[in-house]
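K.L.:
coordinates only, sequence not included:
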């Protein structure tokens with residue numbers, strides 16, 4: 001079975017199954033690489049992404065807030081690639097939706113914002 005090193009980034013939400021994920025990472029000899037990121041060696045028999053996703057689903061409780069992203073070197077191209085196994089991108093915290101912007105323009109919030117800008 002081939003074995004490869006991958007970067008795994010995770011966010012399981014506030015009530016996520018971190019204990020089981022940490023147990024899985026420990027069993028695979030993962031090395032911590034910062035907040036919610038690990039370097040781990042994985043074995044797979046078919047597709048790296050499919051096998052890893054199946055193994056994680058069997059090992060930890062996945063819910064709608066689970067986000068797991070991997071970075072790996074593509075064997076065909078030799079280029080690094082990244083993909084979400086679970087979840088997807090979130091809106092950047094610094095972007096504002098039109099609804100949020102109009103909410104800030106309400107009379108009450110406008111006064112609060114103007115007072116804060118004066119400080």
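P.N.:
Nice, I can see it. All values reported here derive from a predicted model rather than from experimental measurement.
K.L.:
secondary structure class for residue 49?
P.N.:
helix (DSSP: H, G, I helix; E, B strand; the rest coil).
K.L.:
how near is it to residue 8?
P.N.:
Residue 49 sits at a distance of 12 Å from residue 8 (criterion: CB to CB, to the nearest Å). C-beta coordinates here come from the backbone N, C-alpha and C atoms, glycine included.
K.L.:
got it, and residue 76?
P.N.:
21 Å.
K.L.:
now the helix or strand that contains residue 56: mean pLDDT?
P.N.:
If you go by DSSP states H and E, residue 56 is part of helix 48-59. When pLDDT is averaged along helix 48-59, the result is 95.
K.L.:
low-confidence ranges in this structure?
P.N.:
93-94, 96-119 (pLDDT under 70).
K.L.:
for it, what spans make up the helices?
P.N.:
18-27, 48-59, 98-104, 107-118 (DSSP state H).
K.L.:
note down every partner strand of the strand ranked longest in the chain and its orientation.
P.N.:
Using DSSP state E, we find that the single longest strand of the chain is strand 3-11. Note on strand 3-11: by DSSP bridges, its sheet partners are strand 37-43 (antiparallel), strand 67-73 (antiparallel).
K.L.:
residue 31: which of those is closest?
P.N.:
strand 37-43 (4.7 Å; CB to CB).
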